[in-house]
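> here is my input, please return the structure:
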Amino acid sequence: MPISLDDVRRQLAIANRILGNEGVIDAFGHASVRHPGNPNRYFLARSRSPLFVEPADILEFDLDSEPVRPLTVQPYGERVIHGEIYKARPDVNAVVHHHSGAVLPFCMTGVPLVPLFHLGATMGGTVPFWDQRDDFGDTNLLVIKPEEGASLARALGNNWTVLMRRHGATIAGTTLQEVVFRSINGCLNAEYQLRAMAIGTIGPLNAAEAHDAGAYNLQSRPMARAWEYWTLRLGERGIFPARKKTAAQRPARAAASRAKTKVAPRKKTAAKRGRKR
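Now for the predicted structure:
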């Protein structure tokens, strides 16, 4: 059965909240997913802190990152990151951009981020750098022009994670669950690498280990297990997005509420019946 667009919006809202709850994204950063029925469009929330994104906040854009319908809300300024990657990579169906404190030291120093443990391999065996200065000189570091997004997409190439000098990281995936999995475990890998470098010389996975570990952990079973864990953590904090009531549910609930509040007629006692006579 084809997935409904309501389900797509809900899953994207959940993904945003997971990334916020797990510390990948704070007030800034964003996640998107390609339209399941039209590869020339994608979904991205309005400009809002990801931890509070609702399904109703999800907007639809074409690959030039122009809204499909007139907007009454403010979109993210850096949405070209998503549109230009979708243009360049037909195999990519979800994108995350973040400024996690775990990866920023690598963005600032140019020290390579390498896979150090099996789950960290999901960020990809090679993590290239993109320096906005190379193509555009001095900027405000935001990626807001189509040509800037296209330059970033070229730096990503056929990889899954790209570090943006002095800025943050952008991650691609073939599914929404996959890009969330890559993003969270990539940040964990960065944190562990910083700790390991403080102790001594790191020993990263070799190319074969990174390939095999990444492929294994991106199977549906490990990702489903992680997704359940992350969504339950949302529920425990009471920040799981509310499910939209269907038209069929609303009358049924209203009728049930009326039934609960309806007062049964009082029975006449024998004494009252006698007085009436």
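> give me the number of residues near the residue lying closest to G77 once chain neighbours are set aside?
Closest residue to G77 apart from its sequence neighbours, by CB to CB, 6 or more residues apart in numbering: I144 at 5.0 Å. (Each C-beta comes from the backbone N, C-alpha and C, glycine too.) By other CB atoms under 10 Å, the residues close to I144 number 15.
> mind listing what I144 touches?
Counting by CB atoms under 8 Å, 6 or more residues apart in numbering, I144 touches G77, E78, V80.
> which of those are buried, as a ChimeraX select command?
To isolate the buried ones among the contacts of I144 in ChimeraX, judged by 16 or more other CB atoms under 10 Å, type:
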select :78,80
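> still on that earlier bit, in three-state terms, label the residue nearest to G77 for me.
coil (DSSP: H, G, I helix; E, B strand; the rest coil).
> show me what contacts the residue nearest to D91 when sequence neighbours are not counted?
In space, and not counting its chain neighbours, D91 is closest to T174: 6.2 Å by CB to CB, 6+ apart. Neighbouring residues of T174 by CB under 8 Å, 6+ apart: D91, V92, N93, A94.
> from G83, how far out is the first one?
If you measure D91 against G83 using CB to CB, to the nearest Å, the figure is 16 Å.
> who has more neighbours, the two?
G83 (25 against 8).
> may I ask which helix or strand encompasses the more buried one?
helix 80-88 (DSSP states H and E).
> swap in F106?
Using DSSP H and E, F106 falls in helix 104-109.
> what's D62 sitting at in phi/psi?
Dihedral angles of D62 (phi, psi; degrees, to the nearest 10) stand at phi -90, psi 180.
> which residue packs closest to it, ignoring adjacent ones?
R41 (5.6 Å).
> give me the number of residues near the one you found?
16.
> for it, give me phi and psi.
Torsion angles, degrees, to the nearest 10, at R41: phi -140, psi 160.
> so it versus E54, what's the distance?
Counting by CB to CB - R41 and E54 are separated by 20 Å.
> which residues of this structure fall in helices?
Along the chain, the stretches classed as helices by DSSP state H are 5-21, 80-88, 104-109, 132-136, 146-156, 176-199, 207-217, 220-237, 249-261, 270-276.
> run the chain-centre distance for the helix holding G83.
On the basis of CA atoms, centre = their mean, to the nearest Å, helix 80-88 sits 16 Å off its chain's mean C-alpha point.
> buried ones in that helix?
V80, I81, H82, G83, E84, I85, Y86, K87, A88.
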